[in-house]
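Visitor: Predicted model and sequence below, questions to follow.
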Amino acid sequence: MSATRADKAVNYVSQSPETGHGAGPMTPMPAPRSFDFADFLRIFWRRRNLLVGVVVLMMGLAVAGLAAITPLYTAQTDLIIESREQKVADLQAVLGDVLPDKEGLLSEIEVIRSRGIAEKVIRQLNLADDPEFNAALRPKGVLGELVAAARDGLAGILPEDMFASFLAGNEPTLTPEQRRAREHEKTVDTFLDQLAVSVKGQSRVIVVYFTSENPEKSAKIADAVAEAYIIEQLEAKFQATQKANQWLAGKLQDLRKQAAASDGAVEEFRRRAGLLQSKDGTIISQQVSNLNAQLIVARSERAAAEARLDQIRQMIRAAGGAEAAADVLGSPTIQELSKQEAEVKRKLADLSQEMGDRHPRLISARAELKDLQAKITAEVSKVVQKLEAEAGVARARESSLLASTQQVEARLGQANASEVQLRALEREADANKALLQQFLSRFEEITAQSDLVGQQTNARILSRAVVPERPSEPKKLQILALVFVAASGLAAALVLLVENMDRGFRSGEQIEASTGARPLGLIPVFKGRRRDGGPAGWVVKNPSSLFGESVRGVYTSLLISHAKPAPRTVLITSSQPKEGKTTLACCLARISAISGKRVVIVEADLRKPSVHRTMGIPQAPGLADFWRGEATMKDILHEDKGTGAWVIPSGRLGIDPTRVLGAQSIRQLIVDLGRDFDLVVIDSPPLMAVSDARLLAPEMDAALFVVRWGKTHRETVRQGLKDLIETGAPLAGVVLSMVDPVKHARYGFGDSGYYYRGVKSYYTS
């Protein structure tokens, strides 16, 4: 909302003297003011007219509506539902006695609210002829009379067939019987709308409520609904008794057929599945046991053979040859060959010492040794191959037994599945026989009790309706209280919405928090008369007034915001037209002149000049004439007779303003004016409208940015300040113009202290 200080935007910081312009350093930004309950109160106080207006309007509408509503009376009749002992397949269960649980009570409530009960009561009390229930019998009223008159008028103008089609529209034409049926349905709907049924607390008491315009009628109908419900129960039980007898007789025949069929199915399945039993179990299970035992033996033999083979291979590899094989394998042939090998090796060693390497005997011994080693290797290979063959036979026998076992186990699984189905069939047959026996044993008992139970009901009237003395609807106090709360909430929401939609700046605090620019002051809206000469004329006649002091305060803030020396050339601009920049410029010039300063105001808005009219001087010769070279500085200076201020008007137009304001001669003129005068006030066009002000801004000692109080959008202000600072202008601060002092004081900002009643005594008027 506009009163908050939570606006977030880009902060614009004035340049310090070290950065190139005369604007002094900004004062530290004040700490953000927290939003407290007092701010809420101020918001509602400012918008109190809207708040009170909405509440009063809605309360008035509520009172008028309640006055037009016909009072209604509600009577109640209490019914109690008594539980009875339940038995399996007993007649009570067949006839559907109410169970003492929540679901049973809710079901009975729906029975009482059924259209059948409603139609019986309507017929009994002849309510179809009562205008309260039959809308067709009610008076038409003023609106109905007008509609009937319009219908009669159209009937006299339009042809009969066209009039009939016009009245019918897209609806089909109804016969008299259909029309009466529809009227009857609407009567029943109206009756049910006025009927309410509920359970009292945690009990089995059902309360029947009926609401009517007549108190006696409401009590009478409530009792009639309770009685119709009891009669409906008796009729339903009588019909259920007849149907139960017929159903039981047919059910016994079906159960006999089911029992016989289930017994036959058991025997047929046993025969087809071949589930033959021996004393030790089924044949298939015995086969599985034998095969498993043989498979265990085969696995042991295979493991032993593979272990021997692996052990021999490892020893041969570890020992490095046939020498180890002889001891490991225990073969006589290998042992004999090993001895011969050892003998040949000794012989070879002796010959090697006595003879040379090429001696025939030494060569023969070496050949003999090689032949023996080859024989040993061949013999070891034969033994290993024999062990491998034994291991392969063991593995083949194990695989064969495993395959046989799996086949037999698959047959066993099928047999087990068949046994499961067989047991299921046996259980079904046993259940059918048990159910048949149960129905046979109870059939005679049910037949004997049916006539007696059919005449009993478990519901009775606990308390009949009493004629109500006070209307139940409308509840005026509750409705008015609810409307007041709703109206207050709606009004508060509207106030906050309106406050949030206020996107303008209301105080210097908001400007500083949102933009970072220094607030230089507030200029109140001028409420004087036209004959006072407007704001610029008012400050001359009343320089010590609130308006005059506000303008003087802006200039004082301007001086404080700058380092010495004081700024001489001051540009005054705004983001949009009609924000009060020209008024501020003229008033500032006159106030400063009255204070004894040599002041000149330059009308730099060459597109829509208004300074010359405000100051009461001719438009030419002026700035444009000086640029053309048709006038000197002395020619374009016009004196304000009332204050002694000097004015340079715009001059004769018809040229491009940017050429004039961007010319070197104009810049030099401003420099000369700044040297000759104490204060040079430049009234420039709006920033968002044209770019003229951006040409002058960098050459100024200070720039004032004018914002209209509560009107100029915050985004527009931020964009205008951004455009101004991007030109390199020395922004001195922002001035809020056209401030409403009374409304501004309601916001509770710090700068609203300028308008408190105690401060007004310092002003002359």
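Guide: Right, received. Where do you want to start? Residues are numbered from 1 along each chain as shown.

Visitor: So for stretch 464-478, mean pLDDT?
Guide: Taken as a whole, stretch 464-478 has a mean pLDDT of 86.

Visitor: buried stuff in that stretch?
Guide: Across stretch 464-478, burial judged by 16 or more other CB atoms under 10 Å covers 465, 468, 471, 474. To be clear about C-beta, it is placed using only N, CA and C from the backbone, and glycine gets the same treatment.

Visitor: Please apply the same query to stretch 188-200.
Guide: 188, 190-191, 194-197, 199.

Visitor: Return the subset of the residues you listed lying in helices.
Guide: Of the buried residues of stretch 188-200, the ones assigned to helices by DSSP state H are 188, 190-191.

Visitor: Pull the number of nearby residues for Pro649.
Guide: Counted with other CB atoms under 10 Å, residues neighbouring Pro649 total 25.

Visitor: hang on, it packs against Ser610?
Guide: No: when contacts are counted by CB atoms under 8 Å, Pro649 is not listed as touching Ser610 (10.2 Å).

Visitor: tell me, what's touching those two both at once?
Guide: Counting by CB atoms under 8 Å, 6 or more residues apart in numbering, the residues touching both Pro649 and Ser610 are Glu603.

Visitor: returning to that earlier point: including distance to Asp625, could the ones in helices among the buried residues of stretch 188-200 go into TSV?
Guide: Listed next are those as TSV, based on distance: CB to CB, whole Å:
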residue	distance to Asp625
Val188	95
Thr190	90
Phe191	95
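
Visitor: Kindly state the pLDDT recorded for Tyr209?
Guide: 94.

Visitor: in a strand, that's where it is, yeah?
Guide: Yes: membership of Tyr209 in a strand is supported by DSSP: H, G, I helix; E, B strand; the rest coil.

Visitor: OK, contacts around it?
Guide: 74-76, 195-198, 222.

Visitor: Report the two of these separated the most.
Guide: Pairwise distances across the contacts of Tyr209 (CB to CB) peak at 14.3 Å, for the pair Ala75 and Ser198.

Visitor: And the strands in the chain, which stretches?
Guide: Taking DSSP state E to define them, one finds strands in the chain at 73-81, 195-199, 205-212, 459-463, 519-524, 569-574, 599-603, 638-639, 646-648, 679-683, 702-708, 731-739.

Visitor: chain center to the first one: distance?
Guide: Using CA atoms, centre = their mean, to the nearest Å, the mean C-alpha position of strand 73-81 is found 44 Å from that of the whole chain.

Visitor: Show me what counts as buried in it.
Guide: Buried-residue list, strand 73-81, by 16+ other CB under 10 Å: 73-79, 81.

Visitor: elements contacting it?
Guide: Applying 3 or more CB pairs under 8 Å, 6 or more residues apart in numbering; DSSP states H and E, one finds that strand 73-81 contacts helix 102-112, strand 205-212, helix 215-273, strand 459-463.

Visitor: Can you tell me how far Glu426 is from Arg256?
Guide: Applying CB to CB, to the nearest Å, the value for Glu426 to Arg256 is 19 Å.

Visitor: residues contacting Asn480?
Guide: You called it Asn, but residue 480 is Leu. 59, 62-63, 66.

Visitor: quick check: domain ranges of this protein?
Guide: Structural domains annotated on the chain: 42-69+475-500, 283-453, 505-760, as defined by automatic domain parsing.

Visitor: and the longest one, how far from the chain's centre?
Guide: This means domain 505-760. That offset, for domain 505-760, works out to 51 Å (CA atoms, centre = their mean).

Visitor: if we can go back for a sec, which of the domains of the chain is buried the deepest?
Guide: Among the domains of the chain, the stretch with the highest mean neighbour count (mean count of other CB atoms under 10 Å) is domain 505-760, at a mean of 20.
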